[in-house]
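> need a structure here:
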Amino acid sequence: MTCDEALVDRIRLILCRREGYSERRMFGSVCFMVRGNMCVGTWKGSLIVRLNRKEHDATLAEPHTGPADMNGRVMRGWALVAPAGIASEDRLTAWLDRAWTFAGSLPARVSGPKSRKRKRVSGATDARP
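Here you go, the predicted structure:
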């Protein structure tokens, strides 16, 4: 079991009974959602948490945190919590609660089949046999 799989299992045990909980495979791991909004995820053994963008700098000043930079660009409103910052269940739960509270305050996202616009070909008609 990889460190991300172990962390995913720890997160799942804490969040799975909460109202609005869902999971989605993204970015090579699992993202945990609340009412369709991304809440937390994992990245190379660290926890990625979604928090208020206005508190971004204050969050990064906390112990064991750093910017969420997955592709060379810092994502404001997200922080990466190192394994040392989530070693105990109490610390992990505290981070999950913060992220859950923030993501849960956002309007629910409704996901469903995406509509596809048909591209009109010049000279085509809508007549069907």
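> Residue 21 contacts residue 37, doesn't it?
No - the pair residue 21 / residue 37 is not scored as a contact, 11.4 Å apart, by CB atoms under 8 Å. The C-beta positions use only the backbone N, C-alpha and C, and glycine is treated the same way.
> do you know how far residue 99 is from residue 86?
Computed as CB to CB, to the nearest Å, the residue 99 to residue 86 distance reads 12 Å.
> Tell me how far residue 43 lies from residue 8.
According to CB to CB, residue 43 and residue 8 sit 11 Å apart.
> if I look at the two, which residues touch both of them?
Contact with both residue 43 and residue 8 is made by residues residue 29, according to CB atoms under 8 Å, 6 or more residues apart in numbering.
> Show me where this structure has its strands.
For the chain, applying DSSP state E gives strands covering 21-26, 29-34, 37-43, 46-50, 65-69, 74-81.
> can you list contacts of the third one?
In this structure, residues lying in contact with strand 37-43 by CB under 8 Å, 6+ apart are 4, 7-8, 11, 15, 26-27, 29-33, 47-50, 68, 70, 80, 95-96, 99-100, 102-104, 106, 108-109.
> List buried residues within those residues.
Buried members of the contacts of strand 37-43, scored by 16 or more other CB atoms under 10 Å, are 4, 7-8, 11, 15, 29-33, 47-50, 68, 70, 80, 95-96, 99-100, 102-103.
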